[in-house]
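K.L.:
Pasted the sequence and its predicted model underneath.
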Amino acid sequence: MERRVRVRFAPSPTGALHIGGVRTALYNYLFARQHGGDMLLRIEDTDSTRFVPGAEEYILEALEWLGIGIDEGLRMQNGEIEAVGSHGPYRQSERREIYHQYVKQLLDSGHAYIAFDTPEELEAKRAQIPNFQYDARTRMMMRNSLTMAAEDVKALMDKGEKYVVRFKVEPDEDVHVHDLIRGEVVINSNILDDKVLYKSADDLPTYHLANIVDDHLMEVSHVIRGEEWLPSAPLHVLLYRAFGWSDTMPEFAHLPLLLKPDGNGKLSKRDGDRLGFPVFPLEFHNQKDGTVSSGYRESGYLPEAVINFLALLGWHGTGDQELYTMEELIKEFSLDRVSKSGAKFDFEKGKWFNHQYLQLRSNEELAEMFLPTLKANGIEAPDMKMVATVVGLTKDRVNFVPELWEQTNFFFVAPTEYDEKSLKKRWKEDSPKHMTELLEVLESAPSWDAETLDGIVMPWIEKMEYGVGIVMNAFRICLVGAARGPHIWAITDVLGKEETLKRVKVALTKLGA
RNA sequence: GGUGCUAUCGUCUAGUGGCCUAGGACAACGGCCUCUCACGCCGUAAACCCCGGUUCGAGUCCGGGUAGCACUACCA
């Protein structure tokens, strides 16, 4: 009996979508596509205190930008959020009634109980007893429906006293979790505590309950999530069993964590700020705390580069291939080739990926993407054909679109000053004389194309025995303002005869004739 | 503290008992190309956490240690 593959990505709208979360979404997506299954998106907003406005839109927009398609649940379509599928609603905050029903089932079957202990009382217990845990050993000394008479419980509830529902974990049992990446993980139930399944604070279930109920109801076949969930997986197995859903319990796969590039620990938002790279796919303006976080998209990353980079952080194909399109990833991906150990986030390699994918985009496309940077530098309405040409001449030397500016600025703005180091090395005593003569040679050019210019300038240099490097580098300084840039005839080609000659003349006046 | 997971070049990783004098990529370094700066190409340096065991043979299997990480909330 082969079940239809259905996976879900279930983020919490508590801020921008972390890059580790993006990778989890990606792996889910690849797995779903490969098996011809469904990729669902569900919003896990059961913590009303941590809700951040705009986070949900952000998450959906980020996935859309990256090309991680959603088949069911919530998705962004042309800037609008839409819900598709027959297993909704797909926001947990809208599923209260459903959870009520299942909590009742657990209560009725004796798998859960009501507890009146306040957060303050629990705090006191923890302070009083070292390593205090609400479990089989301690629950009989707490204020709950196990220790109190039924009528007292009812009385308290009728009085409106706040209470939570806790899962009753049976002691002394080895709970087996089968993990597709790690194999069999066994944990004794003694170390598990009687987790709160339903909170009194906001009349919503905790993650654990909502997660199991939803995955069951939404017919999820595989739960692919971060390793931080591995310790609570036994609890989830126990919950499936308590509900009587063991037969259809999903398969688990716990992904390795993304670690800080330096030092130790999990990659965090702060690392990005500290080391100067984005930790989020898109720029995010947090309305709750007023912070702004930079994003890959705004930093000039191409979505396909981010995807490729992320795919290889914790997964590797069978050969030496490093460059993968989404289609290739869908074909090649497999959970048993996912690493078990955490991966330090190597931002440098990300740059390389972007460089690779930048080369694959057309000059016209890149010119369009370059526009905002040009505008920021005061170039308002450039000739797009010219921009495309210039981009084509320089794209192989940059990793990001905005970097194109430092490679091409001299095409748009004539140099007003000249790089000192270049002058020292390339502007010789004879340079003014050479440039003055070169001016005449160029003036006489029958036409203004690379071939013609090369055909008259080179023989002239040779005849005069000036040395190609001496003349050309001085010429370059006149046009660029420094000893850098593409081939000189490519530059003159874009600049045109008039501008080229003008720049040489200006240089002669500024640098001394 | 407890429980669990993990452990190959600086980093991401290949490696599923002999093909490993450990392969690839990023970064680093050197060279080539060249009118410059880059790109590109070629090359160099660089790793099996430690100790036992199993085996004819261990990076690969087992045990112990050590280290790192995660979890240990009415957060997810």
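P.N.:
Structure received.

K.L.:
shaky segments in the stretch 1-150 of chain A?
P.N.:
Within the stretch 1-150 of chain A, the segments meeting pLDDT under 70 span A:1.

K.L.:
For the helix or strand harbouring A:I307, name the packing helices and strands.
P.N.:
Using DSSP states H and E, A:I307 maps to helix A:303-311. Other helices and strands packing on helix A:303-311, by 3 or more CB pairs under 8 Å, 6 or more residues apart in numbering; DSSP states H and E, are helix A:19-34, helix A:55-66, helix A:326-332, helix A:347-360. All C-beta atoms are positioned from the backbone trio N, CA, C, and that covers glycine.

K.L.:
Give me whichever of those is most buried.
P.N.:
The highest mean neighbour count among the helices and strands packed on helix A:303-311, using mean count of other CB atoms under 10 Å, belongs to helix A:19-34: a mean of 24.

K.L.:
does any bit of the next helix or strand after that one sit next to RNA strand B?
P.N.:
Remark: after helix A:19-34, the chain's next helix or strand is strand A:38-41, criterion DSSP H and E. No. Judged by CB under 7 Å from any atom of the strand, strand A:38-41 stays clear of RNA strand B, getting no closer than 12.9 Å.

K.L.:
Show residues contacting the lowest-mean-pLDDT helix or strand in chain A.
P.N.:
Lowest by mean pLDDT, DSSP states H and E among the helices and strands of chain A is helix A:269-275, with a mean of 85. Residues outside helix A:269-275 that contact it (CB atoms under 8 Å, 6 or more residues apart in numbering): A:15-16, A:18, A:260-262, A:278-280, A:293-294, A:345, A:347.

K.L.:
Next, find the distance separating A:I187 from RNA strand B.
P.N.:
Per CB to the nearest atom of the strand, to the nearest Å, A:I187 is found 5 Å from RNA strand B.

K.L.:
For the closest residue to RNA strand B within the stretch 401-513 of chain A, pull up the helix or strand it's in.
P.N.:
Closest approach between the stretch 401-513 of chain A and RNA strand B, counting by CB to the nearest atom of the strand: A:A483, at 3.0 Å. A:A483 is part of no helix or strand, with elements assigned from DSSP H and E.

K.L.:
Quick one: residues contacting the closest residue in space to it that isn't next to it in sequence.
P.N.:
Counting by CB to CB, 6 or more residues apart in numbering, A:A483 lies nearest to A:S422, which is 3.8 Å off, once chain neighbours are set aside. Applying CB under 8 Å, 6+ apart to A:S422 gives the contacts A:477, A:482-484.

K.L.:
Is it possible to get TSV of these that adds pLDDT?
P.N.:
Shown next, in TSV, are these (pLDDT from 0 to 100):
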residue	pLDDT
A:I477	95
A:A482	93
A:A483	92
A:R484	93
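
K.L.:
any idea which of the residues you listed is closest to A:R91?
P.N.:
The shortest approach to A:R91 among those belongs to A:R484, at 53.9 Å (CB to CB).

K.L.:
Buried residues, stretch A:141-151. List them.
P.N.:
A:142-146, A:148 (16 or more other CB atoms under 10 Å).

K.L.:
Same check on stretch A:172-182?
P.N.:
With the criterion 16+ other CB under 10 Å, stretch A:172-182 contains buried residues A:175, A:177, A:179-182.

K.L.:
Please export the C-alpha coordinates of that stretch as CSV.
P.N.:
Extracted in CSV, the C-alpha atoms of stretch A:172-182 (Å, rounded to 0.1, in the frame of the first residue of the first chain):
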residue,chain,number,x,y,z
ASP,A,172,9.5,3.1,31.6
GLU,A,173,9.0,2.6,28.0
ASP,A,174,11.5,2.8,25.1
VAL,A,175,9.9,4.9,22.4
HIS,A,176,11.2,4.2,18.9
VAL,A,177,11.4,6.9,16.3
HIS,A,178,12.3,5.8,12.8
ASP,A,179,14.1,8.6,11.0
LEU,A,180,14.8,8.4,7.3
ILE,A,181,18.2,10.2,7.8
ARG,A,182,19.4,8.9,11.2
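
K.L.:
residues making contact with that stretch?
P.N.:
Here stretch A:172-182 makes contact (CB under 8 Å, 6+ apart) with A:184-190, A:192, A:222, A:230, A:233-234, A:237-238, A:251-255, A:335-336, A:338, A:340.

K.L.:
Ok, stretch A:431-451 next?
P.N.:
A:452-453, A:456-457, A:460, A:464, A:466, A:470-471, A:474-475, A:478, A:489-490, A:492-493, A:496-497, A:500-501, A:504-505, A:507-508, A:511-513.

K.L.:
Can you check the pLDDT for A:G300?
P.N.:
Note on A:G300: pLDDT of 88.

K.L.:
and the gap between the nearest residue to A:L17 once chain neighbours are set aside and RNA strand B?
P.N.:
Among residues not flanking A:L17 along the chain, A:I59 sits closest, at 4.7 Å (CB to CB, 6+ apart). To RNA strand B, A:I59 is 12 Å away according to CB to the nearest atom of the strand.

K.L.:
if we can go back for a sec, among the contacts of stretch A:172-182, which lie within strands?
P.N.:
A:184-188, A:222, A:251-255 (DSSP state E).

K.L.:
just those residues now: which is nearest A:A311?
P.N.:
A:L255 (12.1 Å).
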